[in-house]
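Asker: sequence-free structure coming up:
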């Protein structure tokens, strides 16, 4: 299965998605032809640097691209066989937060500061499950207890500013899982948290996934986190998926030079005589290109240590190098069929 050939193959299927923002400097192409699928009970990692289009992709799935500046300008998003792009706003609201939920990157900007956290969780289940106010508030306390918040009845009456960052993130998880969604989009769910709290949050998400059977798309820039938690990984760069396969295969044999660079930047905790500790971690040269002014050809070409002449002229197509392992790189399909050195 290739990056572009995934129609109808999952609970959630994104096919050739394009998202554009109109800016004073010109059109900003945040997502360009992204395709992936997410199966039931599966955990998919979506990784890449800031600005690669990961969060915008998740917002597009939920129909939360801000208008009129932002537009889903191409492709389709399919959930359980339904084309979400053809649904009315009312129909989409019945899916958002109910069947597809999201844990946002910064809970303090997503939780309403003037309502208690219990009220905010209860609001979702009242809307989607038809519970009465008292029943919904009791259920909110149950969810706070389920995500490991101590004294949940008392906490349910508190406001977001009264909670620590780790507790607020647990509240976001409780809110996202309150309606037992089939798909959970987790956008950097452990950013800015203490390392110990990060581990607790991830363990909590995976435990609840097993209990509810939820499919998870974990958006992150942390390759180590993805290695520990996901079955498959899609690597994004400049609005495109440049490599996709199982986690085991990508970590054992990364193909795209960008993926190689990401993995090389992970610190080594264990060293051997054959693989001694590096004095300085290698870094990928340059920065992510401006999406308003993308380079011609392959967007990674200005930073790529293995760029060919064709990389600056034409954008590479997706190549399937092994069953279930796809890459978007000229090194694996050089012009004229000549094998490139890599």
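Answerer: Sure, I can see it. Fair warning: this is a prediction, and the values are worked out from it, not measured in the lab.
Asker: In this structure, mark out all the strands, start to finish.
Answerer: 12-23, 26-38, 43-47, 70-79, 82-83, 100-103, 183-187, 215-220, 232-237, 240-246, 318-322, 325-328 (DSSP state E).
Asker: Tabulate those (JSON lines), appending mean neighbour count.
Answerer: Any C-beta I mention is one placed from the backbone N, CA and C, and that applies to glycine too. Compiled in JSON lines, these are given as follows (neighbours: other CB atoms under 10 Å):
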{"stretch": "strand 12-23", "mean neighbour count": "19"}
{"stretch": "strand 26-38", "mean neighbour count": "21"}
{"stretch": "strand 43-47", "mean neighbour count": "25"}
{"stretch": "strand 70-79", "mean neighbour count": "18"}
{"stretch": "strand 82-83", "mean neighbour count": "12"}
{"stretch": "strand 100-103", "mean neighbour count": "26"}
{"stretch": "strand 183-187", "mean neighbour count": "24"}
{"stretch": "strand 215-220", "mean neighbour count": "24"}
{"stretch": "strand 232-237", "mean neighbour count": "25"}
{"stretch": "strand 240-246", "mean neighbour count": "25"}
{"stretch": "strand 318-322", "mean neighbour count": "17"}
{"stretch": "strand 325-328", "mean neighbour count": "25"}
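Asker: would you list the ones you listed in a markdown table and tack on mean pLDDT?
Answerer: Listed next are those as a markdown table, based on pLDDT from 0 to 100:
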| stretch | mean pLDDT |
| --- | --- |
| strand 12-23 | 96 |
| strand 26-38 | 94 |
| strand 43-47 | 96 |
| strand 70-79 | 94 |
| strand 82-83 | 92 |
| strand 100-103 | 92 |
| strand 183-187 | 94 |
| strand 215-220 | 94 |
| strand 232-237 | 97 |
| strand 240-246 | 97 |
| strand 318-322 | 91 |
| strand 325-328 | 96 |
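Asker: Which of these sits closest to residue 261?
Answerer: strand 232-237 (10.1 Å; CB to CB).
Asker: one step back: which among the strands of the chain is found nearest to residue 126?
Answerer: Taking CB to CB, strand 100-103 is the member of these nearest to residue 126, at 15.6 Å.
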